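Student: okay, structure incoming, though there's no sequence with it:
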């Protein structure tokens, strides 16, 4: 039954093939769902109103496929895209599943492993571009360490930079229209990972050879694992002009990487995120990097996908209502939210300033009222 | 009883006046120790072998003191410094205790509060420089929010940048030999704080008007609260050339800001940190931003201070032993730690690389052996 | 403006005097609000629709008051209760603020401190009963340790039990109609506290001399600090027949004790909790142990109090709707929620069971659909 | 090279077959090590000085084996035990890997799944007893939920109790000499799990039909995930007389279940735990539920196993030294640790107590000194 929260391609919702294709394996359990044919994924997601799909190289073309197999797979896949109008806005490389990467990929101590990893990435970049991707996500799933003695972090950052620079060089040589988006994560599967948060990755970009080619793909779950405010992280990313892609899902603080359905945990956080994306005029993808609970059969997978998109649209509607709600707008003014845009300086003004500290200290900002109004907006009672 | 782990000024240990002067107040309890005269703090720390002391403006000169009171306090304090040879390498501003800052300081929504905050900082910079400080720490204790609607984070970062730029302008105008070190913290006392980690602050510095004047003051406890690896954070800070100061203490992940005695929690983490600082040739201060447990009387405070320094020196000695231990050095080679320095590129080499993936995947890196050897080094049985 | 979510005394909402009276002091900041006269608190809360107030001994009668002062305070306070119809359903003791308790209270190593603590509690019990309290909450704010060597936990538990037994003996001797509710907390202000979770406290009760007199006062923030599911904790408490009182507020996992307005964080968790309390027929108090943000002036305090109650009532309404929603009820049946009530045994049936494992494994439980329906109920779009 | 820290069978170290047999699969990566024949595991562990091995039913006898296969496997395995003198002190059931358990096992909503789970457990109990096990561990890896609506926790606890009671009934009927040890865990693989901590499980035991048959198997990693102090948890378990088994490993707070080598993280915590076990006269197994890092090949697995045992013995030696260290003993007396054993009561003494609060409050407890001495003992410099 279609309603105002039914998604359409213009909402720019995308899913990874690995998300709806997740078979439910976890550290303590075997697969519970059969493999999903990427072509079926494309058709089902198109029916649900998605805009496109993304993939890791090995998701689409199994590692070690012959050239002929590769072409045959791509032909079928392209056909599905053509039949449905679905796009492939983003691609990425799997640098974490195969045993060769157990000690790292771009930052593996063994130079041959590093070369193998960069080369796999170059191939995957070619594949992604071939299918139309304009964003290339890099998640360094094995870049990290458990036994700190085994890695010199400063040298690892040298190698990390070198690898990203090499990929950029490849992209420039081939004149691809492709930007790279780094995806931070604090831990899991490594004890501690390099570029653990949005902040660390933003800083890292500044040291690259072509920093303008590289931005970020922040993920809700990954920042939340560290207890950081994801909306703040995305806001800072936007402030630096570095939001190139985004991964939406849900997560509880201080737990294993959960990748739950968007909005299923942290509704308030999800709301502020949607509000930020919409208010900032974000015109990129709303990508879901999540998967269905392991309790689900195939039907549950599509309930999951539908739910991600519906919740986004419901929250988007609330963000619009917030702009139109006179009482909330009044509370925002009481909190002087608009006055933050006024300059503090110049220096002469600061030096000359003579404030009545007591009066400034006495004023209340009405955050309880404001926050309660937003809570009631979220709960649908205003 | 002096032994090889007795500190000396050349070890460059410093303490904040607020650390040994901490009176044990906490969110649920009143003060348990009387105020400590800064002059006494200087004398006692000098006796223990410290190099210097640091302070917030209000620690030394109570807020609202008259010019005459200020001069009288400074005269006594200078005398103590002269008598002991103690230095003041760092100073900072208290922008968090007074009610006027309850909604923020540099990022307060009210422009008058922001001007008040910047002006207080300019005065504190003057005071710090007057006493010889070459590093100015900025911890934005109230820069954050609980009710997300009450703050536009992107605009807050504009104001944060403006405030730091204004301070830099002041420093430049007065030709002070002073660098600024930003101190990140994820939360407490605000629900979420801006520049929550070392990474976020490093990225922020790049947007400043005079980025070369501004670096970081990473704190063990603050990164650890988020579950991040503090040694990795410091390594990345060094990698960016931005380690300007450091705050040493101890902390458990995911808890209130504990500021325990250095090395009392996370011994292994403390060891890797000391090793990094020593191996990197860090020639700045080893500053302790910690305080005695609330169970302690005045004697316990000096036990606390002594313990911080001793543990640092014990760990420094172990870092040296690690360099000389043939079995550990052999394990490091087995883990190929030295091979990380080899370049991965150039691009042509990567493209031409043909690795035997199976052989690469089969090799073991010996991290269990390596880590166990380091553990036994730490435990003093090798 | 009254609406269906305006609270009334029959909703049994209560507040601590220390909650609306919280003056905004925190570990890094001074008080921002003036003290609140308990009599004013009673009147304001009554106007807002609350049922009653609770207090720590020192909240109402400052420590060290003379008998005459005590009587004078009580007379005024009783008058306020009589004038408003407000009740005092619960009382408690402050065993954490004064320096004498810095090393513990019931489990202090010094026997004189322990006797002082128990005696203070006996006096506070008398005070509470005098004002009509039927529940006595015990929060062991200083029962814990940072330096593990300083406390033998097993002996500490002996003393903890002894102290609670002594209080029960006192209650029995004086034939008070009073039950004790233990309040667990994992840490803060101590590094680690005894009886850190609802589970540890439930287990502890079984070892007491009069276990039937003692139950629990679980607190949302305290369980959530440890990342535990508070609703599960309350459900287990109910399962043991030990829910004697409850503390409602809001908290993020892995952070300092926040005590935010109920429902302001963790809306979904708050909803399931309200649903559990209502479905289980809980007839005790809905007590808010929270306080206004430090950004607030006096008006913000009442916004805070109003918000706590409104959100509870909004969620209660949603719990009722959930029972009446045919699609949610259908999803619950698909998830076989009702089949959990069927016995698994007897043993003979288990031994004889021959299941078709493949068929059982293949079934989907529809949790994605169910959870999405609940999410949409919460968001007010169904 | 044998030294004083070389393990011997009388140290009672045991390993799970699944620990040294762990093949390095994780949520993002494939297996990196080949399967390990249980017979080889027995021989290698015996050579290293272990006392015994433990197993899940499926570790030893693959699920679905015919009776003949089972017998053949058991014959070979028994032979290995006989050849080496190794014991099987504990056994357990795998109720988490197979898809049939995806929604729970003892607390699955579907009664047929529950019967299947209990029956599998009865068979595994028979197998364990056949090989000499005297402790049966129950870890409810799938007993929990992500979508809270899908489970009534109180009813789930009814079923959990019923399942444990059924197993006890089976044990009693067959007159086995076997006790059950429940293993708590807060989350992973489920979003929230039932009996999440040692406390919750201790409380649960009291509601069982034969509570004397059931105790606990606390695990270092599991309590630490929640930020709880594991030594305190074990101390409380001992206090209740319920320590039936123990799982030793290492873990960082607030992260995925890491199961690292004992002592590799949290050295201080590991020390206090060993001290507690040794001081309490614990005569059960020192069982390691951990595995080698994924960076390791087969050799690394044995380095891992050796390291677990060595670190235990090193820490045990330090616990003995602590008892003999006069300065530490003096500091313990200063902290009044021994005075905690004095009774606080009787009630008359409490009522009559007249303490000098000021003097009690003024005393210092010397925790900084004490903790520093222990730190230096750990670091091997005293």
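Tutor: Thanks, I have it. The structure presented is a predicted model; accordingly, all values stated were derived computationally and were not measured. Numbers count the residues shown, from 1 in each chain, chains lettered A, B, ... in the order given.

Student: all the strands of the stretch 51-200 of chain A, residue numbers only.
Tutor: Assigned by DSSP state E, counting those that start in this stretch, the stretch 51-200 of chain A shows strands spanning A:52-56, A:90-92, A:135-139, A:144-145, A:179-183, A:192-193.

Student: to chain C, which of the ones you listed lies closest?
Tutor: Taking Cβ to the nearest Cβ, strand A:192-193 is the member of those nearest to chain C, at 16.8 Å. (Glycine included, C-beta is placed from N, CA and C.)

Student: from the contact counts, what lies against the closest one?
Tutor: On a contact count with 3 or more Cβ pairs under 8 Å, 6 or more residues apart in numbering or on different chains; DSSP states H and E, strand A:192-193 meets strand A:144-145.

Student: now do the contacts for whatever residue of the stretch 151-300 of chain A ends up closest to chain D.
Tutor: Nearest to chain D in the stretch 151-300 of chain A, going by Cβ to the nearest Cβ, is residue A:254, at a distance of 3.5 Å. Neighbour list for residue A:254: A:225, A:227, B:227, B:254, C:227, C:253-254, D:227, D:253-255 [criterion: Cβ atoms under 8 Å, 6 or more residues apart in numbering or on different chains].

Student: in those residues, find the pair that's most separated.
Tutor: For the contacts of residue A:254, the maximum inter-member distance is 14.3 Å, found between A:225 and D:227 (Cβ to Cβ).

Student: so between those two, which is more surrounded?
Tutor: Neighbour comparison, residue A:225 and residue D:227: the larger count goes to residue A:225, with 29 against 23 (by other Cβ atoms under 10 Å in any protein chain shown).

Student: check the gap between the more buried one and chain C for me.
Tutor: Distance, residue A:225 to chain C, using Cβ to the nearest Cβ, to the nearest Å: 10 Å.

Student: dump the residue contacts of the closest residue to that residue other than its chain neighbours.
Tutor: Once flanking residues are discounted, residue A:225 sits nearest to residue A:186: 5.6 Å by Cβ to Cβ, 6 or more residues apart in numbering or on different chains. Contacts for residue A:186 (Cβ under 8 Å, 6+ apart) come out as A:192-193, A:196-197, A:222, A:225-226, B:226-228.

Student: likewise residue A:222?
Tutor: Contact analysis of residue A:222 by Cβ under 8 Å, 6+ apart lists A:183-186, A:197, A:247, A:251, A:257.

Student: out of these, which comes closest to chain C?
Tutor: Taking Cβ to the nearest Cβ as the measure, chain C lies nearest residue A:251 of the contacts of residue A:222, at 10.5 Å.

Student: could you report the neighbour count for that closest one?
Tutor: With other Cβ under 10 Å as criterion, residue A:251 counts 24.

Student: would you check that it makes contact with residue A:225?
Tutor: Yes: between residue A:251 and residue A:225 there is a contact at 6.2 Å, judged by Cβ atoms under 8 Å.

Student: overlap in contacts of the two?
Tutor: Listed as contacting both residue A:251 and residue A:225 by Cβ under 8 Å, 6+ apart are residue A:257.

Student: quick one: pLDDT of residue A:382?
Tutor: On the pLDDT scale, residue A:382 is placed at 89.

Student: ok, it - contacts?
Tutor: Contact analysis of residue A:382 by Cβ under 8 Å, 6+ apart lists A:325, A:327, A:373, A:376.

Student: OK, contacts around the first one?
Tutor: By Cβ under 8 Å, 6+ apart, residue A:325 lies in contact with A:373, A:377, A:382.

Student: would the second one count as being in a helix?
Tutor: Yes: residue state for residue A:377 (DSSP: H, G, I helix; E, B strand; the rest coil) corresponds to a helix.

Student: any idea of the mean pLDDT in stretch A:138-147?
Tutor: 98.

Student: could you list the residues in contact with the strand or helix carrying residue A:18?
Tutor: Using DSSP states H and E, residue A:18 falls within helix A:17-20. Applying Cβ under 8 Å, 6+ apart, the external contacts of helix A:17-20 come out as A:36, A:38, A:41, A:44-45, A:53-56, A:59-60, A:259, A:288-292, A:301-302, A:304-305.

Student: could you dump the contacts of residue A:222 into TSV with pLDDT added?
Tutor: What follows is the contacts of residue A:222, written out as TSV (pLDDT from 0 to 100):
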residue	pLDDT
A:183	98
A:184	98
A:185	98
A:186	98
A:197	98
A:247	98
A:251	98
A:257	98
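
Student: what residue in chain A comes nearest to chain C?
Tutor: Per Cβ to the nearest Cβ, residue A:380 is where chain A lies closest to chain C, at 1.2 Å.

Student: so that residue: helix, strand or coil?
Tutor: With three-state DSSP as the criterion, residue A:380 reads coil.

Student: so what's residue A:246 up against?
Tutor: Residues in contact with residue A:246 (Cβ under 8 Å, 6+ apart) are A:217-219, A:234, A:277, A:282, A:284-287.

Student: show me which pair in those residues is furthest apart.
Tutor: Counting by Cβ to Cβ, the most remote pair of the contacts of residue A:246 is A:219 and A:282, 15.3 Å apart.

Student: the more surrounded of the two?
Tutor: residue A:219 (28 against 16).

Student: dig out what the nearest residue to the more buried one once chain neighbours are set aside forms beta bridges with.
Tutor: Among residues not flanking residue A:219 along the chain, residue A:247 sits closest, at 3.6 Å (Cβ to Cβ, 6+ apart). Beta-bridge partners for residue A:247, by DSSP bridges, are residue A:219, residue A:287.

Student: residue A:247 and residue C:64, how far apart?
Tutor: Counting by Cβ to Cβ, to the nearest Å, the separation of residue A:247 from residue C:64 is 58 Å.

Student: more neighbours: these two, which one.
Tutor: Ranked by neighbour count (other Cβ under 10 Å), residue A:247 and residue C:64 place residue A:247 first, with 26 against 8.
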